[in-house]
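1. build me a model from this:
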Amino acid sequence: MAVVRIPLLAVDGGGTKCLAVLVDRSRNEIGAGRSGSCNYQGIGEEAAARELVAAISQALDDAIARQTVAPFMSGTSTLDGPIEWEIECAVFGIAGLDTAYDRQVISRMVSKVLNQLDIRVQHLIVENDGFAALLGATGGKPGILVIAGTGSIAFGVNDEQETARAGGWGHRVGDEGSGYWIGKQAIMAVLKAADGRGEPTVLKELLLPHVGLGRVDELFNWTYSEHYSVEKVGELSPLVSQAALAGDKVAAAILQVAGEELFDAARAVIDTLQMKAKPFQMIMQGGVLQNDDRVREIVVERVREYASQVVIENAQNDPIYGVIAKGLAYLERQSGGR
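-> Take a look at the predicted model:
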């Protein structure tokens, strides 16, 4: 049997996609795989585990196909038969790890996935995906990372390496300013306009065809049907941006509040870490902040007014680089910095 001993398995398991990468000690990619959302809070533990299995399996298969595993092999010299995979360090940055209970669920899920794939891991690290993204974006320097994709959250690290977070409490009770939150506000605005409680809005003409409906009452039924999901509502966010660009006041007001909510999350982190009067980077990630200039400008303007020494960092590293950095730092400590 071939034994393949890989230094690092890094997994960025977000609410939209899951990316798994096998890496050597020089940060060279050995294999990579990708699958869908693995946030158990949104799709359930079993479905999240399946996505993790899919991404990691792809990474292992990719390493074999690219023939990058040869330097890490022992035992038989062929990969045609069974393979025993050994990982020195595995780092999982997983969305939905917000409480002690979440850690129990996700740690159990990760262990089951590794057992299912017959992967032996010497050292396992499981963290929230946002903290991994923060480390990857700031390179360990003081900074704030505001994420607004399907969900939303803010993370920070100061010059004492203390960390803090705000928001990210999920679609039911939080995620203000996120794509899901914006989409939900749009649905509410259409319903309010239909019964005379809200201003007229072109959002009706945009939302109904997008979800394949013809009447507002059908939109109500859709929201309480099996077709409704966090992801589908999040997909409505670009339609709100489109309406705002066309001059729709209701859509513009939704985006204004979204920007203010994201600023509030950033401000809370800045205050917790006592960074208001100090220089720090601010990085913004996620589809809302990357694609909607209106929301992004609101957040930037408000943070600059609040913390004058902030530096808006446009260069962004993919969150997976933060996960890789954490794993390589562990491996370097284990080897005594050699």
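2. mind listing the helices for the stretch 51-200 of the chain?
-> Secondary structure of the stretch 51-200 of the chain (DSSP state H, counting those that start in this stretch): helices at 100-116, 129-138, 179-194.
3. state the mean pLDDT of the first one.
-> So the one you mean is helix 100-116. For helix 100-116, mean pLDDT rounds to 93.
4. can you name every helix or strand that that helix contacts?
-> Other helices and strands packing on helix 100-116, by 3 or more Cβ pairs under 8 Å, 6 or more residues apart in numbering; DSSP states H and E, are helix 40-43, helix 45-65, strand 83-94, strand 119-128. C-beta: built from backbone N, CA, C; applies to glycine.
5. ok, the closest residue to Asn158 other than its chain neighbours - contacts?
-> Excluding its sequence neighbours, the residue lying closest to Asn158 (Cβ to Cβ, 6 or more residues apart in numbering) is Leu273, at 4.1 Å. With contacts defined as Cβ atoms under 8 Å, 6 or more residues apart in numbering, Leu273 is in contact with 156-158, 162-164.
6. ok, now with 6 Å
-> 156, 158, 162, 164 (Cβ atoms under 6 Å, 6 or more residues apart in numbering).
7. of those residues, which is the most crowded?
-> Among the contacts of Leu273, the one with the most neighbours (other Cβ atoms under 10 Å) is Gly156, at 28 neighbours.
8. show me where pLDDT drops low in the stretch 101-250 of the chain?
-> 136, 139-140 (pLDDT under 70).
9. if we use 90, what do you get?
-> For the stretch 101-250 of the chain, residues meeting the criterion pLDDT under 90 lie at 127-142, 145, 147-153, 155, 157-165, 168-175, 211-223, 225-232, 234-235.
10. mind telling me which of the helices and strands packed on helix 100-116 the model trusts least?
-> When I compare the helices and strands packed on helix 100-116, helix 40-43 is least confident, with a mean of 82.
11. for that one, C-alpha coordinates in PDB please.
-> Presented in PDB, the C-alpha positions along helix 40-43 are these (Å, rounded to 0.1, in the frame of the first residue of the first chain):
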ATOM      1  CA  TYR A  40     -24.300  23.400   8.800                       C
ATOM      2  CA  GLN A  41     -26.500  26.200  10.100                       C
ATOM      3  CA  GLY A  42     -27.900  26.800   6.600                       C
ATOM      4  CA  ILE A  43     -28.000  23.300   5.000                       C
END
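12. for it, packing partners?
-> Packed against helix 40-43, as judged by 3 or more Cβ pairs under 6 Å, 6 or more residues apart in numbering; DSSP states H and E, are no other helices or strands.
13. now what about it, what contacts it?
-> Residues from elsewhere that reach helix 40-43, judged by Cβ under 6 Å, 6+ apart: 37, 48, 96, 170, 230.
14. rerun at 10 Å
-> 13, 15-16, 36-37, 46-52, 94-98, 102, 105-106, 109, 150-151, 169-172, 180, 229-231 (Cβ atoms under 10 Å, 6 or more residues apart in numbering).
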